[in-house]
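Participant: With the sequence up front, the predicted model follows.
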Amino acid sequence: MSTSLPFIPVNIAVLTISDSRTEENDTSGKVLVERAEAAGHRIVDKRIVADDIYQIRAALSAWIADHEVNAIITTGGTGVTGRDGTPEAVKPLLDKEIEGFGELFRMISYEEIKTSTVQSRALSGVANGTYLFCLPGSSGACRTGWDRLINDQLDSRHRPCNLVELMPRLLEK
């Protein structure tokens, strides 16, 4: 990280995907909000939707179309059970998938949970200039995803490169 470069705050929306979470017990969503705000970013919206591909797509599509949202982080729905539908909901919305994100998340996660990481379908991509990061639903996975991957990529000072330099809406200001 280069401290001679300016920090550029990113407007982030957080989506918890769950059939059972509420604002009171959404620990994963809270982890993401707290970490993003502590890093200096702005949380512009936070929602909880059921693990239903159409509800997920509706929430994401609204944020992707909103020029005030630069990045979206989701938590939940990335497993392999019958109701886990986040990848199926997200992939059709993406202009480009960032395959390395899921690969690196699983590599890092392997250090913590060993082979159980094969059940994670974490992914990332970009849609209409908005960057999406889809993490598993556990608060541990959200801490890992933010601390070890997303934080650096949403820090304009991170070198040799970061995703903020590619966000046209931020760079227009």
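Facilitator: Thanks, I have the structure now.
Participant: Pull the contacting residues for R148.
Facilitator: Applying CB atoms under 8 Å, 6 or more residues apart in numbering, we find R148 in contact with I108. Using the backbone N, CA and C atoms, a C-beta is placed for each residue, glycine as well.
Participant: any idea of the pLDDT on it?
Facilitator: Looking at R148, its pLDDT is 98.
Participant: Look at it and tell me its secondary structure.
Facilitator: The assignment at R148 comes out as helix when based on DSSP: H, G, I helix; E, B strand; the rest coil.
Participant: Can you tell me the SS state at G125?
Facilitator: What three-state DSSP gives for G125 is strand.
Participant: Who are the contact partners of the nearest residue to it once chain neighbours are set aside?
Facilitator: Using CB to CB, 6 or more residues apart in numbering and skipping the chain neighbours, the partner closest in space to G125 is L94 (3.7 Å). Contacts for L94 (CB under 8 Å, 6+ apart) come out as G125, V126, A127, L132.
Participant: Among those, which one is most surrounded by other residues?
Facilitator: Neighbour tally across these (other CB atoms under 10 Å): the maximum, 24 neighbours, falls on L132.
Participant: what's near enough to touch T16?
Facilitator: By CB under 8 Å, 6+ apart, the contact list for T16 reads D26, S28, G29, K46, R47, I48, V49, T74, T75, G76, G137.
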